[in-house]
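sequence? don't have it. structure:
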């Protein structure tokens, strides 16, 4: 059977889909497993032992092009997120088995429907994803945490990039798409504080995030020269290698936190209190800590009108630095701490 798993999405979202491929490999060892990824996140999936093929979409394809994509040796498609246009294309391509959630009007385009709401946030995203295999008549049981693979050559290049800084090495990733962010000034102060404590500091992020960091960095207090700023310089594969060769990652609820977890690198993840960002569903599955401000959980951010508008900024630099040193010195299974 040729099975296509579909979720062209962000880095963290796609990493949390990988346990589906692993469960499928275990339950149907003869199946050929492909993954339909976004172009942006596809490099993550290279060399993964439970994927035989990675296909990509840009979001700019015509419906005809998408339909052709589903006509290429697909016996079953599992929509790990119900993208309407892709479901329509699979329907037009007459893929024999089409699995999707059952609560949307366009769920009619699927012929195997799984009725489970994710908005109750009662499970981790990996468990919701693996649960979609019920549409193939499979019962996966315990969900394995996701893992990623880099080649030995990539690992060596990662080591070479980090050779100039002190050990332990900590990655600070100030950016991210989906969640609210700890302020750039805090990351800047954290880099200085960790450097004072003898920690090697690496900054990562996209070029846009690098520009944001530069604009918002206090000019009166430049970063210490030993801080390695790789923002805007790394491909996805290079970022994976740098994280894999580090001892902790500090970030928001964003992709690099899940990359770190997939390489068993401890996290210090800073989660805002929105309900759709609950650690129950989105925490990295690894070692370290999720820090969450001690304020009420909110349904959505109403910005300055909220009395807790400063929620993430209630996480002080000293508190975050203290937890970084703890997870570097004694990594343990991830826990959620309200501060």
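Here it is on my side, so go on. Small disclaimer: the values here were computed from a predicted structure and weren't measured. Numbering: from 1, shown residues only.

okay, now residue 305: neighbour count?
7 (other CB atoms under 10 Å). C-beta here means a position set from N, CA and C on the backbone, and glycine is covered the same way.

so where is this structure shaky, pLDDT-wise?
176-179, 219-220 (pLDDT under 70).

Which strands and helices lie in contact with the host helix or strand of residue 127?
Taking DSSP states H and E as the definition, residue 127 sits inside helix 125-131. The contact analysis (3 or more CB pairs under 8 Å, 6 or more residues apart in numbering; DSSP states H and E) places helix 125-131 against helix 18-27, helix 279-282.

counting contacts, what elements does the strand or helix carrying residue 256 pack onto?
Taking DSSP H and E as the definition, residue 256 sits inside helix 255-262. Applying 3+ CB pairs under 8 Å, 6+ apart, we find helix 255-262 packed against helix 11-15, strand 169-173, helix 236-244, strand 248-252, strand 267-270.

contacting residues around that helix?
For helix 255-262, contacts defined as CB atoms under 8 Å, 6 or more residues apart in numbering pick out 10-12, 15-16, 18, 41, 44, 145-148, 171, 173, 176, 204, 239-240, 243, 246, 248-249, 251, 266-267, 269, 284-288, 334.

mind listing what residue 149 touches?
46, 47, 48, 49.

got the end-to-end distance for stretch 251-269?
5 Å (CA to CA, to the nearest Å).

buried sites along that stretch?
Using 16 or more other CB atoms under 10 Å as the test for burial, stretch 251-269 gives 251-263, 265-269.

do the same with stretch 103-116
107, 109, 110, 112, 113, 114.

For the closest residue to residue 118 other than its chain neighbours, give me its contacts.
Nearest residue to residue 118 in three dimensions, chain neighbours excluded: residue 128, at 5.2 Å (CB to CB, 6 or more residues apart in numbering). Residues in contact with residue 128, defined by CB under 8 Å, 6+ apart, are 116, 118, 281.

now with 10 Å?
16, 80, 81, 101, 114, 116, 117, 118, 121, 122, 143, 281 (CB atoms under 10 Å, 6 or more residues apart in numbering).

for the residue lying closest to residue 22 once chain neighbours are set aside, phi and psi?
Of all residues not flanking residue 22 in the chain, residue 50 sits nearest, at 4.8 Å (CB to CB, 6+ apart). As for residue 50, its main-chain torsions (degrees, to the nearest 10) stand at phi -100, psi 10.

just checking, residue 50 touches residue 28?
No - assessed by CB atoms under 10 Å, residue 50 is found out of contact with residue 28, at 11.1 Å.

re earlier: for the helix holding residue 127, what is the distance to the chain centroid?
Offset of helix 125-131 from its chain centre (CA atoms, centre = their mean, to the nearest Å): 14 Å.

continuing past it, what's the next helix or strand?
That would be, after helix 125-131 and using DSSP H and E, helix 152-161.

May I see the buried residues of that following helix?
So, applying 16+ other CB under 10 Å, buried residues of helix 152-161: 154, 157, 158, 161.

ok, now stretch 209-223?
For stretch 209-223, burial by neighbour count (16+ other CB under 10 Å) applies to 209, 210, 212, 213, 217, 223.

For the third one, what are phi and psi?
Backbone geometry at residue 212, expressed as degrees, to the nearest 10, gives phi -60, psi -40.

pretty sure it contacts residue 231?
Yes - in this structure residue 212 lies within contact range of residue 231 using CB under 10 Å: 9.3 Å.

quick one: common contacting residues for those two?
Joint contacts of residue 212 and residue 231 (CB under 10 Å, 6+ apart) are 174, 175, 205, 206.

Just grab the bridge partners of the closest residue to residue 165 other than its chain neighbours for me.
Distance criterion CB to CB, 6+ apart; nearest residue to residue 165, sequence neighbours excluded, is residue 200 at 3.4 Å. Going by DSSP bridges, residue 200 is paired in beta bridges with residue 169.
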